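I'll drop the sequence and a predicted model, then ask my questions.
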Amino acid sequence: MDEQFVELAWPEPEIAMITITREQSLNALNPVVLDQLEARLNEAEGLPAAKVGIVTGQGSKAFVAGADISVIHHVSDATQARAFAERGQALFQRFAESRIIFIAAINGYALGGGLELAMALDFRIASETARLGQPEINLGIVPGFGGTQRLSRLIGPGHALWMIASGEPLTARTGEALGLIEAVVEPAGLMEEALKRARILAAKAPLALRECKRLVAASRDSSLPGGLAIEADAFARLAVSDDGREGTRAFLEKRKPEFRGS
Ligand code: COA
């Protein structure tokens with residue numbers, strides 16, 4: 001049996017915690033880690049109660065220091081290299097499209113595939129000591145797990161091209177200033193901050209929470225008229241859902257709503 005490199009824990013019934021535990025290689029992503037990440041994602045999605053996920057790396061040094069460079073070096077041909085890139089892209093897209101909202105808790109280096117994983121998640125909270133970069137250029141290659149596409153969408157083409165073409169990493173604070181990171185905290189407070197945000201989200205009406213993720217994703221991927229149509233459609237469904245009725249009634253009756261997920 002393969003060594004276990006990805007753990008799934010439940011700090012609360014609605015909050016999944018996925019930890020990459022290949023610390024001796026700075027949590028680098030090889031095919032076994034990718035398979036196990038997918039298996040843990042499937043497990044988390046299999047629990048209807050799961051609303052929020054936190055993804056982090058074991059240890060204080062790295063979130064994920066990239067795709068495993070030895071795997072890339074040993075591909076036999078371009079077909080195998082393409083398959084590795086497409087494997088990572090497809091897996092990260094599954095996180096992006098999951099009904100669960102995912103927070104990246106970036107505890108150290110998020111380089112190459114590590115930053116690409118973090119960018120496929122929904123929020124990024126980083127320790128002050130974290131470093132963020134796409135250093136593939138220094139290996140004579142380019143990002144392959146979505147970096148050229150997601151980085152540009154998050155921070156704009158100029159900043160993205162600088163990071164990708166220079167390979168220069170950013171500090172967490174610079175990442176925050178550019179909009180790549182939503183919050184920077186001292187290292188000891190990282191998990192507390194991630195859990196605090198996860199709890200805020202987990203308390204919300206489940207169907208509406210899912211729609212928030214889907215609609216904001218649509219704002220990136222569709223035209224404005226198309227996105228507005230999807231939004232109106234979701235609003236219409238939720239306004240007459242049980243939770244929509246309950247939430248508005250509770251406001252009018254000056255009490256806390258009790259959401260049931262229907
Ligand atoms: N793939 C495979 N192994 C990796 C790795 C990666 N992306 N990143 C780190 N490792 C391994 C190192 O080979 C080393 O293994 P060893 O102890 O068996 O020699 C171990 O993790 C520790 O890394 P090391 O380089 O000794 O730590 P450091 O503190 O000197 O440097 C980094 C840390 C992150 C700056 C450095 O490891 C690095 O540049 N990694 C590659 C980053 C990268 O290019 N990512 C994109 C890949 S496409």
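Arrived safely.

other SSEs contacting the helix ranked longest in the chain?
In the chain, with assignment by DSSP state H, the single longest helix is helix 78-97. Under the contact criterion of 3 or more CB pairs under 8 Å, 6 or more residues apart in numbering; DSSP states H and E, the helices and strands touching helix 78-97 comprise helix 31-46, helix 69-73, helix 113-120. Every residue, glycine included, has its C-beta placed from N, CA and C.

the same query, at a cut-off of 10 Å, please.
For helix 78-97, the packing partners by 3 or more CB pairs under 10 Å, 6 or more residues apart in numbering; DSSP states H and E come out as helix 31-46, helix 69-73, strand 101-106, helix 113-120, helix 147-155, helix 206-221.

model confidence over whichever helix or strand comes after the third one, on average?
In other words, strand 101-106. Where DSSP states H and E defines the elements, the next helix or strand beyond strand 101-106 is strand 109-111. Summarised as a single mean, pLDDT over strand 109-111 is 98.

alongside the ligand, which residues does the stretch 51-200 of the chain contribute?
65-70, 109, 111-112, 135-136, 139 (CB under 6 Å from any ligand atom).

farthest-apart pair in those, please.
For those, the farthest-apart pair by CB to CB is Ser70 and Tyr109; their separation is 17.1 Å.

between these two, which is the more surrounded one?
Tyr109 (24 against 10; other CB atoms under 10 Å).

for Asp221, give its distance to Asp122.
Asp221 sits 14 Å away from Asp122 when distances are taken as CB to CB, to the nearest Å.

who has more neighbours out of these two?
Taking other CB under 10 Å, Asp221 and Asp122 do not tie; Asp122 has more neighbours (20 against 10).

next, count neighbours for the closest residue to the ligand within the stretch 101-250 of the chain.
Sorted by distance to the ligand under CB to the nearest ligand atom, the residues of the stretch 101-250 of the chain start with Gly112, at 2.6 Å. Counted with other CB under 10 Å, residues neighbouring Gly112 total 29.

picking that back up, deepest-packed of the helices and strands packed on helix 78-97, please.
By mean neighbour count, with neighbours taken as mean count of other CB atoms under 10 Å, helix 113-120 ranks first of these at a mean of 29.

need the CA coordinates for that one. PDB is fine.
Extracted as PDB, the C-alpha positions of helix 113-120 are listed here (Å, rounded to 0.1, in the frame of the first residue of the first chain):
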ATOM      1  CA  GLY A 113       1.900  23.600  -8.100                       C
ATOM      2  CA  GLY A 114       1.500  24.800  -4.500                       C
ATOM      3  CA  LEU A 115       0.500  28.300  -5.600                       C
ATOM      4  CA  GLU A 116      -1.600  26.700  -8.400                       C
ATOM      5  CA  LEU A 117      -3.400  24.600  -5.800                       C
ATOM      6  CA  ALA A 118      -4.000  27.600  -3.500                       C
ATOM      7  CA  MET A 119      -5.300  29.600  -6.500                       C
ATOM      8  CA  ALA A 120      -7.800  26.900  -7.400                       C
END
